[in-house]
Each structure stands twice: as C-alpha cells, then as structure tokens.
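Asker: With the input below, show me the fold.
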Amino acid sequence: MRKIRVLLVDDHTIVREGICALLELSPEIEIVGEAGNGNEALEIAAKQKIDIVLMDLSMPEMGGLEATRTLCKEFPGIKVIILTQYSDEEHVFSILEAGAHGFLNKSAASSELISAIRSVYRGDSYLSPSATRHLIKNYQLEANIKKKRDSYEQLTGREKEVLRLLAEGLTNKEIAKLLVISPKTVDSHKTRLMAKLELRNRAELIKYALQKKIISM
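Answerer: I've put the predicted structure just below:
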C-alpha cells in the first residue's frame, strides 16, 4: 500500500522534529519534506509529490493562511490540515475559507493527529472537538437570529407600529393616544409581539429594533 506523503510546515525546528518523530511511528505515513514558512512549502510542493500538508498558522515571510490559499489554488490535489497552538476558535472560519481540510490543536494526542491525516487523505474533513463545538454554537446563533428575523414578518402591521414606538421610548399611554386606541389594546399588542419575537423586556426590544434597523441611534 502506498504511503501517505506528508509535508510538515512550521517555523520551529524542535516542533517539526517532535511531530516527525510521532508520525514516523506510523508505517502508513511518510514525511517527504519540511518547511519553515509558506514560501518554502510552495517551493517543495512544486517539486515533490505531496498528499497532506500539516501547516502552522503563524510563520515569518508567509503565514499559514496565505500559504493554504495558494496551495489549494495551485495544487488542488494537496490537502491541508492546519496544526496550530491556538486554543480559541477565532481562526476556524478563516481557516476553512482558505480551503483547509482540517483543523487540529498542537496539544492533541498523536493518535488524533494520525486519525486526522487518515481522514483527510480519504477525502473527509477533520475538525478538533473544540472547533466543532464552535461551529455548532455559531450555527445555532445564526439560526436564532434568522428565526427572529423571520418572526418579524409574522407581526401584524399594528404590532410593527407598536414595536417601533416602544423602541423609540413612548409609553403605552402615549402610543394609545397617537394610534387612537386604548392603553389596554396597546398592552395586548405589546404582549403578543414580545412573545412572537421571544423578547423579555424593553432593553431586548430596543436592541432588536436597532439590529433590524427599525430605529436608529
């Protein structure tokens, strides 16, 4: 069986040596090159047959994101796994947008790194558990925003009027006088629109109205 040819890109020699030592324990993986920055990685990729690139993010001359974009564009057969020290997930979306097939923290166990290489080589994507949680959380947040955005269209014309006036700071009595309805009717509209939009108080109502550009600062 042909080995998985891996290029390791990291500006720290000691890190490359450690990762190489781990990967050499796997008989199915072959380290075919090492690079200290993105420019060197591109030069090696142009000369060597490579399946997987393990790419650091922060490097001199050319960082991991730029190198990933270029590799994916110029060498579409090469798949990139970002191997980074960052424990937060602020980079996940930019990494995926750059074209990377995987995201893994350097603190991961060697078995997880080898599993990631196998998965990406097979054509799958691989994300660390923390990155996956971040994507799920962001999806849920976007879904909630979309739900509230769609909920606005469920409001009646009068409820939209009341929403705008409440957000502008008018009291129930002031709104009642302006719309020529009773304060009790205003309160009914308010209760229904708050329930439809899943808002709990006036502060949330004002924030929602600002986000929807129903009112402006």
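Asker: From residue 54, how far off is residue 1?
Answerer: According to C-beta to C-beta, to the nearest Å, residue 1 and residue 54 sit 21 Å apart. For glycine as for every other residue, the C-beta is placed from the backbone atoms N, C-alpha and C.
Asker: higher neighbour count, these two?
Answerer: residue 54 (24 against 5; other C-beta atoms under 10 Å).
Asker: Doesn't that one belong to a strand?
Answerer: Yes - judged by DSSP: H, G, I helix; E, B strand; the rest coil, residue 54 forms part of a strand.
Asker: quick one: pLDDT of it?
Answerer: pLDDT for residue 54: 96.
Asker: Does it touch residue 81 like I think?
Answerer: Yes - counting by C-beta atoms under 8 Å, residue 81 is a contact partner of residue 54 at 5.4 Å.
Asker: joint contacts of these two?
Answerer: Counting by C-beta atoms under 8 Å, 6 or more residues apart in numbering, the contacts common to residue 54 and residue 81 are residue 117.
Asker: The spatially most central residue of the chain and residue 154, how far apart?
Answerer: Centroid-nearest residue in the chain: residue 93, 3.5 Å away (criterion: C-alpha atoms, centre = their mean). Residue 93 sits 31 Å away from residue 154, going by C-beta to C-beta.
Asker: do the same with residue 205
Answerer: For residue 205, the distance to residue 154 - C-beta to C-beta - is 16 Å.
Asker: confidence score at the closest residue to residue 36 other than its chain neighbours?
Answerer: In space, and not counting its chain neighbours, residue 36 is closest to residue 11: 4.8 Å by C-beta to C-beta, 6 or more residues apart in numbering. For residue 11, the model assigns a pLDDT of 94.
Asker: where does residue 11 land in three-state SS?
Answerer: coil.
Asker: Can you list phi and psi of it for me?
Answerer: Main-chain torsions, residue 11, degrees, to the nearest 10: phi -80, psi 0.
Asker: and what of the one 5 residues further on?
Answerer: Dihedral angles phi and psi of residue 16 (degrees, to the nearest 10) take the values phi -60, psi -40.
Asker: That one touches residue 7, doesn't it?
Answerer: No - using C-beta under 8 Å, residue 16 is not in contact with residue 7; the gap is 10.6 Å.
Asker: Look up how far residue 167 lies from residue 217.
Answerer: From residue 217 across to residue 167, the span is 11 Å (C-beta to C-beta).
Asker: shared neighbours of those two, which are they?
Answerer: residue 210.
Asker: Looking at these two, which is more packed in?
Answerer: With neighbours defined as other C-beta under 10 Å, residue 217 and residue 167 compare such that residue 167 has more, 18 against 3.
Asker: got the CA positions of stretch 56-67 in PDB?
Answerer: C-alpha atoms of stretch 56-67 as PDB (Å, rounded to 0.1, in the frame of the first residue of the first chain):
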ATOM      1  CA  ASP A  56       1.300  26.000  11.200                       C
ATOM      2  CA  LEU A  57      -0.600  29.400  11.200                       C
ATOM      3  CA  SER A  58       1.900  31.900  12.500                       C
ATOM      4  CA  MET A  59       5.200  31.900  10.500                       C
ATOM      5  CA  PRO A  60       7.500  34.500   9.000                       C
ATOM      6  CA  GLU A  61       7.600  35.600   5.400                       C
ATOM      7  CA  MET A  62       4.300  33.800   4.500                       C
ATOM      8  CA  GLY A  63       1.900  32.600   7.200                       C
ATOM      9  CA  GLY A  64      -0.300  29.500   7.100                       C
ATOM     10  CA  LEU A  65      -3.500  31.100   5.800                       C
ATOM     11  CA  GLU A  66      -1.900  32.700   2.800                       C
ATOM     12  CA  ALA A  67       0.100  29.600   2.100                       C
END
